[in-house]
Structures are given as structure tokens and as C-alpha cells.
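Visitor: Quick one, structure for this:
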Amino acid sequence: MDSMNELLSAVREARKNLREGTDFRVADALSVFEGIAPFLDRETVIGLKCKRCDNYASAFFPLTRDFWAVDSNEYCHGKSASLKNLTAVKVAGCIEYSQKAQEELMALASAMLEEDLQPALAERKLYNRSKFASYSVAFQLSSTPGKVCIEFGHRTKEGFEGSDIKLYILRRLDPGFGALASQKIAEAIKNGPVIVVNASLQVRRQLDIDYVLEWIARKRNMDIVYL
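Guide: Below is the predicted model:
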């Protein structure tokens, strides 16, 4: 069965097998779904639903602690399965959808930014090598399932301009950091969310931020990993 018609066929089969006396609202709901189903193939459902779910990942380690071989297929941690192996009906019917963990991670990153980073670095200047100038430090938050990024940079008339410093708040292992870094993160993440610092030692020294980051990690009772 092709993906585009999988949901439509399932809905029509369900309508055909409705028992006499079934609540009219069930039939109405199936009618609505039958109207939507032709437009919902598996990839559409994944785009609308899975990619915003706490369980979603764009890649995964195929074997436990195998940090070298990374499968880049979309993956569901809730079902411990690659999404390419799940049917449209399985994906659409999943009731494990949640954004709670990601909202909690975003709240943690926002608190770190507002309560810790901004006050501690309010007087610091970030050097922009391409412009040979120093600027007051600004930050930008971005979020993907399992990870929040705090990027350092500065404000311009055009908007935010990022730098070579990024902090990641992780709640699960992310193979995108590479094998060696993943081994470090795997040990630290056993105790909960970790701070991963993606910046060279030279850049960190220029801004003199290591002690600030270590202080934040102690305050938040989090482990910290330097890439």
C-alpha cells in the first residue's frame, strides 16, 4: 500500500465496520478524518507531528555506545525505531506525543540566560575578527528536540550576528557532536541535562568565560563538557 492512501484506506475500513448504534460523533469524526486523510502521507504526518515531539531525533546511535557508526535516519526514542520503518497509521496514531521535556529544557536555558549569563557578562566585550571591533555580548536561543542552543554574538542594525561560542543544553546524547565528544557527553549526561561548550580555548580566554560557566554549572547542579 502506498503511503499517501494508507490512512484513507484505514479510515474507510473503520467506517465500514462501525457497529449499529455507535455514537454519531464517532461517525462524524471519521468523516472529518476521511476528508483530511488524502493529504496526509507518512512524511506529512512526520513533519506536522513527530518533528515537534520530545521523542524525535534526526539521527541515532544504532548500537548502544557505538559512537562511530551513526544512522542519519529520523528516529523515535519513544518507540525505539527508525521512522522509516513505521507506517503512516502507526505514526499518526501515536499517543506518546509530548513537548513537555523540550519546554522544560527551554525554560532551563532561558533561566540560565536571564539569571546567570546576561548579568555576569553585561560588561564584557566580544571581539569580531572580521570587523576588527569589539561589541557588547548578546545572545540568541534556538531549540530542537532534546537540545537547546545559546549562541553568543552581538546586535547589529541588521539583527543578530553570531560568534564562535555556542552553549548547548542537552537532555540526551546527540551524535551530531562526533564520536570523541559523544563519549564525554555520554558519561556526563547520566546525571541529567548537561552543558556542552562549543568554543575554542582561545575564544573562551578572550572573553574570559570559563569561570562563569563553571559557576553556572555548580549553581544548576549540572555537568559541563568542553568540545
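
Visitor: Looks like Tyr97 contacts Lys49 (just checking).
Guide: Yes: assessed by C-beta atoms under 8 Å, Tyr97 is found in contact with Lys49 at 6.2 Å. C-betas here are computed from N, CA, C, even on glycine.

Visitor: ranges for the strands of the protein?
Guide: Along the chain, counting by DSSP state E, strands occupy 56-57, 75-76, 81-82, 125-128, 133-136, 138-144, 147-156, 159-170, 194-198, 223-226.

Visitor: Could you dump those strands into TSV with mean pLDDT and distance to Ala186 added?
Guide: Output for these, formatted as TSV (pLDDT from 0 to 100; distance: least, C-beta to C-beta, whole Å):
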stretch	mean pLDDT	distance to Ala186
strand 56-57	92	15
strand 75-76	92	17
strand 81-82	90	21
strand 125-128	80	31
strand 133-136	82	36
strand 138-144	94	19
strand 147-156	92	15
strand 159-170	91	11
strand 194-198	95	10
strand 223-226	94	10
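
Visitor: Make CSV out of the ones you listed and add distance to Ser9 and mean neighbour count.
Guide: Listed next are the strands of the chain as CSV, based on distance: least, C-beta to C-beta, whole Å; neighbours: other C-beta atoms under 10 Å:
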stretch, distance to Ser9, mean neighbour count
strand 56-57, 26, 23
strand 75-76, 23, 22
strand 81-82, 22, 14
strand 125-128, 57, 16
strand 133-136, 58, 13
strand 138-144, 33, 16
strand 147-156, 37, 19
strand 159-170, 40, 18
strand 194-198, 45, 20
strand 223-226, 48, 18
